[in-house]
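**Q** Quick one: sequence plus predicted model below, questions after.
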Amino acid sequence: MKKLMKKTAIFVAVGAMVASIGPSVYAQNVTSQNISGSDRYSTAVKISQSGWSQSDTVILTNANAVADSLSVAPLASKLRVPVLLTQSDSLNEATMAELSRLGAKKVLIIGGQDSISMGLEDNLKTSSLDVERIEGASREETSLNIAKKLKELTSEKFQVAFLVNGHKGLADAAGIGAIAAKNGAPILFTSNSRLEATRSDLGQLGIDNVYVIGGNLSLVGEFDRIATSVERIAGSNRQETSLKMMNKFNPNPAVVYLTDDGGVRANRLIDAVLINSGIIASNAQASASDKGVEQVGPTKSPKSSNLAEGAVLLVNSKNGLSFNQYKTLYNMSSLTGLTQVSGGDALTNSMGILSNLMQNKGNAKADQAFDRLMKLEYLTTEYNVYGTKKQIEGSQFLSTLKMDSSFNFIYDRARMESLLKNMDNKAVPKQLSDSYAYWKNGDVIISKMKQVTKMDLDYEVNRLSGILKSGVSTYNINPKYIVTNYGDIPANAVNLGHKYIEIDISQQKMWLMEYGYEKMVTPVVTGNPNKGMATPPGIFKVRKMMTNAVLRGPGYASPVKYWVPFNGSIGIHDAYWQPFFGGNRYLYAGSHGCINTPLSNMSFLYSRIHVGTPVIVHK
């Protein structure tokens, strides 16, 4: 960027000096605290209580309308007021109590009626509160109107603006909030389709210098020429972008506030808005003239805060601090405090590891532990999972990491199991190709055994723990599997294999089944039950296979092309004398017990079976 604010030049100069200094060998007294509440509403209240003993004005945003809130930090800074959260139609009890404690007289609503309803606005007015609303037809217009309101409050020219994608770059807006607030610079939402509209917005606001936050996938390269002077700040992901912004604008903070990057739950980005509000309160120690505002009517607030000025760093709630974040903070000689605003147990754990290692710099075991932690970034484990190579990278182990009092790393077994389960995503029940037949309730039942093949997690977690302890990347691992069979098949069931003949007397049909598929289905005529010649149900096997046979019995001699006996003198054969097959013909023109079959289907069946092929006859 050719020329920007004088403050920015100072930041860059300081950053250059810090970059040239190696990690300190002396222990640092780094304290850590967690100010997150039980929910977003209580977190907002805790931050308000840390920063304000009283405030005539309060900014109110919807806890779920993240986009409306993320561009409000510079305005909150100018007004020096806290930001509280609400639902769309009603105030949370904690928020109501905080409005009362603050002695608020005015509420500034951010967002349209979809975010905060007209009914809620009317209720606030009924409570003798003055209400003003800043809104727009889109999130881009809302951010522009916030910038216009900010411009009304000062006669100073905007030195710079921060441009972020209002849809893809919300995390970028969360990370830049405190920086923009400190410099009185608006945060403008835009998108790749609004290049010229944004150029016009910048002209209206009299802005010549711009920071574009995010890579070209977020805002295309044309944005690099949108103003007289443009600088882009982008990282490989939202954590890296946040880290780059901190290194550029606040490379030497005493306190770093760690907050959820919204990667798992986007609405947790609201916590960055809240801590920006708390930092704003600390900035209020400066004189009003430093902010370009002598007095903001009835909105002036006390200039005191229990939260020190510092940098805001976005952290992944699933993994905690990234390797680069660990490294940067560990080498930050100015750092005296870490404050968790949100992010859950993973962040709490990694913050504890970092502060412990920093407090024990110079201790050989602690220094070695930090070295092992940094080497973990380059560790890879590769598995052959169902013929596909899958890897667990070093960054994924961060969520499993714990450290004991002797600086030994311990890996959480439950979280390592989760990593392995995510790879073994095909561990679902599947039917085996073999079928089983057995008697139940007076009839023959055919069932398939279900089988689950899944990774032996206990064995693989132990193997993985050994790899992590060695610190050596390991490839081409063939996992150990456990095979479990499921089903209600009795022990005496007959294994039919993958091929069998199935006959259903009630349906007068016959099937040839192979590997679970119907290779043939045909109508048949079975034994006549009205003459005492019903075909008996049961589990049988093909006993013989003959062609051009003559079937003989009392009073008949019937030539057939194919003869396949399976139960004494009962078998399957073609029957030229049957004019049709199926239906209820067996009740009046049925056989002596055999399975009469159309010639063409009998020919096909004969060609695909063999002596020993199972034959199942259902009632």
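**A** Everything's here; your move.
**Q** Could you tell me which residues make contact with Ser355?
**A** Val30, Thr31, Ser32, Leu338 (C-beta atoms under 8 Å, 6 or more residues apart in numbering). C-beta here means a position set from N, CA and C on the backbone, and glycine is covered the same way.
**Q** Among those residues, find me the one that's closest to Asp114.
**A** Leu338 (37.1 Å; C-beta to C-beta).
**Q** So that closest one is in contact with Pro253, correct?
**A** No: between Leu338 and Pro253 there is no contact under C-beta atoms under 8 Å: 10.5 Å.
**Q** quick one: which of these two has more around it?
**A** Leu338 (25 against 21; other C-beta atoms under 10 Å).
**Q** quick one: what helix or strand has the nearest residue to the more buried one once chain neighbours are set aside in it?
**A** Excluding the flanking residues, the one nearest Leu338 by C-beta to C-beta, 6 or more residues apart in numbering is Ser32, at 4.4 Å. Using DSSP states H and E, the element containing Ser32 is strand 31-34.
**Q** what's the answer for Asn356, then?
**A** Applying DSSP H and E, one finds Asn356 within helix 344-359.
**Q** Could you do Gly177 as well?
**A** helix 170-182.
**Q** for Glu240, same thing?
**A** Glu240 belongs to helix 238-249, assigned by DSSP H and E.
**Q** low-scoring stretches of this protein, by residue?
**A** By pLDDT under 70, the weakly predicted segments of the chain are 1-25, 277-278, 280-306, 425-433, 451, 485, 487.
**Q** sorry, back to before: now the angle between helix 238-249 and the helix holding Gly177, please.
**A** Angle, helix 170-182 to helix 238-249, by axes from the mean of the first three to the mean of the last three C-alpha atoms, to 10 degrees: 20 degrees.
**Q** After helix 170-182, which helix or strand is next?
**A** Sequence order places strand 187-190 as the next helix or strand after helix 170-182, per DSSP H and E.
**Q** For that following strand, what is the distance to the chain centroid?
**A** Relative to its chain's centre, strand 187-190 lies at 26 Å (C-alpha atoms, centre = their mean, to the nearest Å).
**Q** Not counting it itself, show me its contacts.
**A** The contact list for strand 187-190 (C-beta under 8 Å, 6+ apart) reads 67, 70-71, 73-74, 139-140, 142-144, 146-147, 161-166, 173, 176-177, 180, 197-198, 201-202, 219, 223.
**Q** Filter those down to the buried ones.
**A** Buried members of the contacts of strand 187-190, counted by 16 or more other C-beta atoms under 10 Å: 67, 70-71, 73-74, 139-140, 142-144, 146-147, 161-166, 173, 176-177, 180, 198, 201-202, 219, 223.
**Q** Show me which positions of whichever strand or helix holds Tyr588 end up buried.
**A** Secondary structure assigned from DSSP H and E places Tyr588 in helix 586-589. By 16+ other C-beta under 10 Å, the buried positions in helix 586-589 come out as Tyr586.
**Q** what's the answer for stretch 187-204, then?
**A** For stretch 187-204, using 16+ other C-beta under 10 Å, the buried residues are Ile187, Leu188, Phe189, Thr190, Ser191, Arg194, Leu195, Thr198, Arg199, Asp201, Leu202.
**Q** Mind telling me what element the last one is part of?
**A** Counting by DSSP H and E, the secondary-structure element that holds Leu202 is helix 195-205.
**Q** what's the angle between the helix or strand just after that helix and helix 170-182?
**A** Sequence order places strand 209-213 as the next helix or strand after helix 195-205, per DSSP H and E. For strand 209-213 against helix 170-182, the angle by the same axes, to 10 degrees is 150 degrees.
**Q** Give me the residue at the spatial middle of this protein.
**A** Val264 (5.1 Å; C-alpha atoms, centre = their mean).
**Q** Any chance of the backbone angles for that residue?
**A** For Val264, the backbone dihedrals are phi -90, psi -50 (criterion: degrees, to the nearest 10).
**Q** Was I right to think it contacts Asn319?
**A** No: look at Val264 against Asn319 with C-beta under 8 Å: they stay out of range, at 9.9 Å.
**Q** thinking again about what came up before, buried ones in the helix holding Glu240?
**A** Judged by neighbour count (16+ other C-beta under 10 Å), helix 238-249 contains these buried residues: Arg238, Gln239, Thr241, Ser242, Leu243, Lys244, Met245, Met246, Asn247, Lys248, Phe249.
**Q** Kindly report the same for stretch 495-512.
**A** Buried-residue list, stretch 495-512, by 16+ other C-beta under 10 Å: 496, 499-505, 508-512.
**Q** same thing with stretch 338-349?
**A** For stretch 338-349, by 16+ other C-beta under 10 Å, it's Leu338, Thr339, Gln340, Val341, Ser342, Gly343, Gly344, Ala346, Leu347, Thr348, Asn349.
**Q** now stretch 51-67
**A** Buried, per 16+ other C-beta under 10 Å, within stretch 51-67: 51-52, 55-67.
**Q** What separation do you get for Phe409 and Lys519?
**A** Distance, Phe409 to Lys519, using C-beta to C-beta, to the nearest Å: 58 Å.
**Q** ok, now Cys594?
**A** 22 Å.
**Q** Residues contacting the next helix or strand after the helix holding Asn356, please?
**A** Sequence-wise, the next helix or strand downstream of helix 344-359 (DSSP H and E) is helix 364-375. Contact partners of helix 364-375, identified using C-beta under 8 Å, 6+ apart, comprise 323, 326-327, 330, 353, 356-357, 360-361, 401, 403, 406-409, 471.
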